[in-house]
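# Predicted model and sequence follow; I will ask about them next.
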Amino acid sequence: MAMVSSRCFALALGAAAATLAGRWRPRSSARLPLLLPRCVQSEVRISNQKHARDGRGLPRRVLSKESQSSSSVVADNGLEYEAVIGIETHVQLGTATKAFCSCPSQYGAEPNAHVCPVCMGLPGALPVLNDKVVEYGVKLALALHSEIALTSKFDRKQYFYPDLPKGYQISQYDVPIASKGFIDVDLPVEFGGGHRCFGITRVHMEEDAGKLVHAGGERLSGSSSSQVDLNRAGVPLLEVVSEPEMRTGLEAAEYAAELQRLVRYLGISNGNMQEGSMRCDVNVSVRPKGRPQFGTKVEIKNMNSFSAMQRAIDFEIDRQVTLENEGLGHQIKQETRLWEEGSQRTISMRSKEGLADYRYFPEPDLPEVTLTQDYVDATQATLPELPNAKRRRYESLGLSMQDVLVLANDSDVAAFFDEVVGKGTDVKQAANWIMGDLSAWLKNEKLAITETKLTPAALAELIDLIKDGTISGKIGKEILPELLQNGVSAREAIEAKGLSQISDAAVIESMVDAIIAENPKQVAAYRGGKTKLQGFFVGQVMKVSSGRVNPALLNKILLSKLNC
Amino acid sequence: MISRHLHCSAQAAIPTRTHVLETSEQQASTHQRPISVIRKIRESLISRERTAVEITEGYLAKLQEREPHIRSFLHISAEKALLDAEEIDKLLSEGGGGELGLLAGVPLGVKDNLCTRDMPSTGGSQILKGYCPPYDATAVCKLREAGAVLVGKTNMDEFGMGSSTESSAYQVTSNPWDLSRVPGGSSGGSAAAVAAGQCAGALGSDTGGSIRQPASFCGIVGLKPSYGRVSRFGLMAYASSLDVVGCLGASVLDTAILLQVIAGHDKNDSTSSLEEVPDYAAQLLPVEGLSSKPLAGVKFGLIKETMDEEGVEEDVASAVKAAALHLQELGASVTEVSLPMFSLGLPAYYVLAPSEASSNLARYDGVRFGPRAHGEEVMSMFGNSRAEGFGPEVKRRILMGTYALSAGYYDAFYKRSQQVRTLIQRDFKAALQDVDVLLSPVAPSAAYKIGEKLDNPLSMYLGDLMTVNVNLAGLPSLVVPCGIAKGGTCGLPVGLQMIGPAFGEEVLLRLGHIFEQTLPMNFNAPLLTS
Amino acid sequence: MAALLHHLPYQSMLTTSLRISVAGIPTKRAAMSMCMTSKVEPPNIAHLCEKARLSLTPQEVEEFEPQIGRIVDWFAQLQEIDVADVAPSIHVGDVNGINTLRPDKPSVFQNRKAMMGAVPELEGSFIKVPKILKENQE
């Protein structure tokens, strides 16, 4: 089951554009002061940023000043506030079965098709842990450079809800599988760039609840009944909790994007926010810059994309700073708010007065999860090159940050690029071809890079043939679809179409002579001062030669003949 | 003072004979304890003396005849039982004698908190009224695979919470020894059914004494295996870290055969043990072949804290002391041992069990199964379904458990009880280094009157003192009738509890068998016709 | 039987410690240092009913309150013992260390029809439940 979709490459460029397009625009209402996030970070070349290594050679986080965010928000009276943002992400794992039973874990099945006594919470049923869940948990924990608990346990988190069959969720409370990690994030160039290193508090395993559908519309309130689908009940999740170190909506969105990138690279989840295989809940509070105490924390839910996250957070920061600034800080309640895409605002969902008492206690039906160091080391060895390492490596190849971010976004694309470059091809050329023509074609055909017949070797050859003058770049673009659709090599395509570049001076000369002879009027006009007609002659020669003439040589010969 | 029941029936438990008051002539001639009802059934099947259908019909007839007096069954599965018996007869006629399962043709009862696919399973509660599980508990599967004929589901205290079966939401079961008395609980239905000859054996569950105490009250054998010895898959959970599935039978050998069938690792139960299952019945030989001191070298330890004068009735204490003497006569040594943490086991249990129960019973919300009460919105639907479906004892324990797990109270109650549990385990471990098996009474008294303890829940709990520690430690325990106390028309049976080391069922069964077979007493419940 | 009834009024100090995990992280649970010389807060039955989703009648609440109160008082003897450095028993016996993981291979439950047949109210293939109030949303 291919959970990592390289289709996202084609969408990645689009996504970057969308982020730009979806960037929070100041509201036209005059009521709220215009607040602009002030990014104090400039683009820092970080290919030389090295993480410290611990005893086992694994990276330990270095809290350099450059990688910590110190962004702040300035209210219109000049007071500076700092937003404190923390993110809880639930990643739905792409395992074949649920966490505690062998029901298939599949998206989009008929309601209540994949259920059994265990995930339906029937009397007498007992959970049995899926070994893949542990494997994926360890993979993510390692990729987040966290400390792995060789012994961790499950706990019951108790609450009543119709989509929670047992009346409790099996989760990990005080001894999670991993803790104290970090994640490296590169901010998009178009937003000022910069590198961040955000702390990860913990990673733990748990199970998902079922789904509730509400009769009479999308909104929960106002419907007369609800419908429960338990296909999702018991699907394994990894919960990742960040340290509250983000300061802007952008940083939060990029953190989430990096986490998505990571889980896709690892092949443990498709990290799709729209499908719900990755869900982010955000906690936002504000405080006057420099004050150590945190402000009142507000939880925001219901953001279905990174851009929605960014907008929601920026809106919420705005809302809170405004209230604080007007002396109405007490109106900021510790509550859960929903992001409303339609009206582009957060609204109160319910008050969290008095935290819910989940009455956690250790799960008696499951033994402790015991890992050996050998198992952890073996899993470490299976990890692919992770996005951050890839980005640093691509930087060191001389690519611009913009190119680095695009190429390293999707592991299939990066792998393709690596192979092309591995054949000795010019790095910049390879990057351009992949990000340009190849990407455009894929987008058009709605294919992923792994779904074409073009091999990295073939692309490498194509680039080399252009470089050594056998064909022009233009011809190269023309034959690319052949390579993509039919898997022929560049040479074969050139042969078949007879498209090799003409660089023989004698041949070109005779062509030019012929064209000059056929067009005396234009020749006279040119020699009379209309030098722009050079293009006309070039065009004619190209027509006659099916575009195969070496442009540089052609111009040289043409000019010498016209100007004599 | 132990009163021998000379006036009451004493007879070999051959299935064909009905329990009636017999003349003293007949009593004198049959003083030998039956070695195994199950074996007898098997022998008569193989020898073609009787067919499986005949045997089942015989049991069903007895069952129906006695049921109005005892009310031990919540569901009787006569038709299906006869069909299953027919299958066994078919197998026999096809010459499959060698392939007959260990329990082929044996009519058994199953406690109603074990899921059975073809029979309703209520857990003794209204909240599961009419509920038919879509699967069999693993222990039930194993019984079926062994060829057993399941005659019905037995009555119990609701979800296992209780020690008298009076907390059943459906009916009160009577003790066959005295119909005005309780059979014990929570496996009271299973115990009464076996004692009354309504089935040849039965499955029960034991969380704080629920197999052992009814076995003692009804004068039969009860076995609580080690935690993890038998799969809990399909057992409606009460307290997950304490619950075990076990068996009740007319003799030690019967319970050994039942254990043989149901024990073993189950991949559906993550807490079930990989420990190998030995041949439990192999060592249970006829005592005639044994030496005069068959228990020479065996060391028993009588738990001092259970023989407290103020904590146990005189009759019970005497019966246990007499049992100790008997063991000594067989060559064993019986010393007194002390488990200093003993008395804390009871409050620790009553923190832990209700806490886990409050969680395990959260799934009973009217959404996916069982009766659903009305509610304008979902939370009141939950509240009403649960309020209408659960009985008072269950409600009390859910509230107690919710309290003990609440934020701010967890450390003081739940965690602390788990720590006390560790100390109790240590006590047992230390004691079992010095002796092979521990001994104690099963309950402070013999069976009490129906209704006697209903006013005060706490006084009911105190009756569990001698049994709960064994669950906290996860150890195996065998209860064998050892004496008669005053009460009822013919006295009331008193059981001896034998506690072994973890996965020490083999030892317990071997020793228990020898004790039982050499004890010059019979324990046949006098069933008076109405 | 009297000796078994420990109705000692709870006088001693009750301290709850911060639950430190194996990995050394302080837990989310509030570190309540309950140094009390008076009784533990008696159970608030109405509040517990809310948590446990039990819609009891006022009579039931009245009946249960003293019963449960007495039982909780009886628990007090657990506080008298020193349990410092004693690990809580989550599991007994050899439950830990067994390989109880399951391979990630799907299998479909055969008797789905019976399961869905037991559902009190279905709407198509969905399980139907009454509406959910705003304040109860998760």
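Looks like it arrived, so ask away.
# Which per-residue confidence value corresponds to the closest residue to C:Pro103 other than its chain neighbours?
Using Cβ to Cβ, 6 or more residues apart in numbering or on different chains and skipping the chain neighbours, the partner closest in space to C:Pro103 is A:Asp131 (6.1 Å). For every residue, glycine as well, the C-beta is placed using N, CA and C. With respect to pLDDT, A:Asp131 scores 96.
# okay but A:Asp131 is in contact with C:Leu101, surely?
Yes. At 3.9 Å, A:Asp131 counts as touching C:Leu101 under the criterion of Cβ atoms under 8 Å.
# Which pLDDT does the model give the residue of chain A found nearest chain B?
Nearest residue of chain A to chain B: A:Gly167, at 2.5 Å (Cβ to the nearest Cβ). Note on A:Gly167: pLDDT of 98.
# any weak-confidence spans in chain B?
Within chain B, the stretches with pLDDT under 70 are B:1-34, B:96-98, B:528-530.
# how does it look with 50?
Along chain B, segments meeting pLDDT under 50 span B:1-32, B:528-530.
# can you tell me which residues contact B:Gly504?
Residues near B:Gly504 by Cβ atoms under 8 Å, 6 or more residues apart in numbering or on different chains: B:226, B:437, B:475-476.
# mind redoing it with 10 Å?
When the contact criterion is Cβ atoms under 10 Å, 6 or more residues apart in numbering or on different chains, the partners of B:Gly504 are B:226, B:432, B:436-437, B:475-478, B:498, B:511.
# Among the residues you listed, which ones lie close to chain C?
B:226, B:475 (Cβ under 10 Å from any Cβ of the partner chain).
# So which of the contacts of B:Gly504 is the closest to chain C?
Of all those, chain C sits closest to B:Ser226, with 6.5 Å by Cβ to the nearest Cβ.
# That closest one: helix or strand, and which one exactly?
Element membership for B:Ser226 (DSSP states H and E) is empty, with no helix or strand holding it.
# That one contacts B:Val277, correct?
No. In this structure, B:Ser226 is not within contact of B:Val277 by Cβ atoms under 10 Å, at 11.6 Å.
# quick one on the thing from earlier: A:Asp131 and C:Leu101 - which one has more neighbours?
Taking other Cβ atoms under 10 Å in any protein chain shown, A:Asp131 and C:Leu101 do not tie; C:Leu101 has more neighbours (18 against 15).
# how near is the more buried one to B:Leu83?
39 Å (Cβ to Cβ, to the nearest Å).
# that older thread, anything in contact with each of B:Ser226 and B:Val277?
Contacts common to B:Ser226 and B:Val277, judged by Cβ under 10 Å, 6+ apart, are B:263, B:503, B:505.
# count of residues packed around the first one?
This points to B:Ala263. Neighbour count of B:Ala263, defined by other Cβ under 10 Å: 27.
# now do the last one
Using other Cβ under 10 Å, B:Glu505 has 28 other residues around it.
# just checking, it touches B:Leu478?
Yes. If you go by Cβ under 10 Å, B:Glu505 and B:Leu478 touch, sitting 7.8 Å apart.
# In contact with the closest residue to A:Ala356 other than its chain neighbours, which residues are there?
Nearest residue to A:Ala356 in three dimensions, chain neighbours excluded: A:Tyr159, at 6.5 Å (Cβ to Cβ, 6+ apart). Shown in contact with A:Tyr159 (Cβ under 10 Å, 6+ apart): A:167-169, A:209, A:356-359, B:362, C:51, C:53, C:138.
# how much space between A:Tyr159 and A:Lys166?
In terms of Cβ to Cβ, A:Tyr159 sits 11 Å off from A:Lys166.
# what sits in contact with each of the two?
Common neighbours of A:Tyr159 and A:Lys166, using Cβ under 10 Å, 6+ apart, are A:209, B:362.
# give me the low-pLDDT residue ranges for chain C?
For chain C, residues meeting the criterion pLDDT under 50 lie at C:1-39.
# Tell me where it has strands.
C:122-123, C:126-130 (DSSP state E).
# Make TSV from those and add mean neighbour count and distance to chain A to it.
Output for the strands of chain C, formatted as TSV (neighbours: other Cβ atoms under 10 Å in any protein chain shown; distance: least, Cβ to the nearest Cβ, whole Å):
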stretch	mean neighbour count	distance to chain A
strand C:122-123	14	6
strand C:126-130	23	4
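# The ones you listed: which one's closest to A:Phe182?
If you check each of those against A:Phe182 by Cβ to Cβ, strand C:126-130 wins as the nearest, at 42.3 Å.
# Remind me what that closest one packs against, helices and strands.
Packing contacts for strand C:126-130, counted by 3 or more Cβ pairs under 10 Å, 6 or more residues apart in numbering or on different chains; DSSP states H and E, involve strand A:211-214, strand A:225-229, helix B:378-389.
# what inclination does the last one have with respect to strand A:225-229?
Spelled out, that is helix B:378-389. 80 degrees (axes from the mean of the first three to the mean of the last three Cα atoms, to 10 degrees).
# what's the neighbour count on the residue lying closest to B:Ala250 once chain neighbours are set aside?
Once flanking residues are discounted, B:Ala250 sits nearest to B:Val37: 4.7 Å by Cβ to Cβ, 6+ apart. Residues near B:Val37, counting by other Cβ under 10 Å, number 24.
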